[in-house]
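Chemist: here is the input, now give the coordinates:
(one chain, ligands or ions: 2)
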Amino acid sequence: MKLAPSILAADFARLGEQVAAVEKAGAERIHIDVMDGHFVANLSMGAPIVASLRPVTQLPLETHLMISNPDLFLQEFVDAGSDSLLVHWEGNFNLHRTVQCIKRLGKRAGVAINPATPACVLEEILQDVDQVLVMTVNPGFGHQQFLRSTLAKIHRVRLLIDRIKPECDLEVDGGIDPETARLCVEMGANLLVAGSSIFGNSTGVMAAMEDLRAAVQPVQV
Ligand code: DX5
Ligand code: ZN
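Modeler: Ligands and ions are numbered 1, 2, ... in the order given. Alright, predicted model coming up:
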């Protein structure tokens, strides 16, 4: 199981320090939530944050684009230092073209699906992507409650991946804490995004990440 701390829940005044802390604690990548106030009802951050983090961490920077018209911004995020670009199935009428564009830019491509979107929409695009992101809350805000109705879908996505592209990562995002992490890994997720359960944990990011890893340990043996 791999962990991708979401900096949406970090203290932006100490961002470099917080990223260094999760890197030291063994994070596998940094998850960067980009919101445009249009695709989702919130604003967050853009490519300058990626550019600021690029020189201060060795970790891959994965960029979750919750924006309308992601094609317009792919180059900018690649130039800033993103290693993977995750785009939503929803609202994208030419998803295959977007994914090919990401691959042409030499980066890892991922497709995200919202809670109401069925697993089956992934069937034709799966062979072209490096990861799938199953949203376990509605996108737009951190610190929301995990939607248990997404669990069966995570399992369906796992079956699709095993059949079509076993090396594809199955990532979950939203409301991930030790309890929900275990449920998701049981259903077949291998990459967990966590914001508030890591950066909002009063015992510190190291202990928070240890708790997440310990919670999924019994599932993995
Ligand atoms: C939600 C974002 C998530 C968010 C997760 O739209 O995509 O990455 O930061 O935050 P938590 O872990 O607090 O639910
Ligand atoms: Zn995200």
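Chemist: where in the chain is pLDDT low?
Modeler: For the chain, the stretches flagged by pLDDT under 70 are 221.
Chemist: how about the residues of it by ligand 1?
Modeler: Taking Cβ under 6 Å from any ligand atom, the part of the chain that reaches ligand 1 is made up of 6, 8-9, 31, 33, 64, 137, 139-144, 173-176, 193-197. For the C-beta atoms, the positions are set from N, CA and C on the backbone; glycine is no exception.
Chemist: let's see which of the residues you listed end up in helices.
Modeler: Ser196, Ser197 (DSSP state H).
Chemist: could you flag which of the residues of the chain next to ligand 1 are buried?
Modeler: 6, 8-9, 31, 33, 64, 137, 139-142, 173-176, 193-197 (16 or more other Cβ atoms under 10 Å).
Chemist: which residues does the residue of the chain found nearest ligand 2 form a beta bridge with?
Modeler: Nearest to ligand 2, among the residues of the chain, is His64, at 3.8 Å (Cβ to the ion). Beta bridges link His64 to Asp33, Leu86 when assigned by DSSP bridges.
Chemist: surely it touches Ile32?
Modeler: Yes: the pair His64 / Ile32 is scored as a contact, 6.6 Å apart, by Cβ atoms under 8 Å.
Chemist: what's near enough to touch the nearest residue to Phe199 once chain neighbours are set aside?
Modeler: Residue nearest to Phe199 in three dimensions, not counting chain neighbours: Ala9, with 4.1 Å by Cβ to Cβ, 6 or more residues apart in numbering. By Cβ atoms under 8 Å, 6 or more residues apart in numbering, the contact list for Ala9 reads Gly142, His143, Gly195, Ser196, Ile198, Phe199, Gly200.
Chemist: now swap in Lys165 and tell me
Modeler: So Lys165 contacts Leu126, Gln127, Val129 (Cβ under 8 Å, 6+ apart).
Chemist: now it: how far from Val22?
Modeler: As judged by Cβ to Cβ, to the nearest Å, Lys165 and Val22 stand 28 Å apart.
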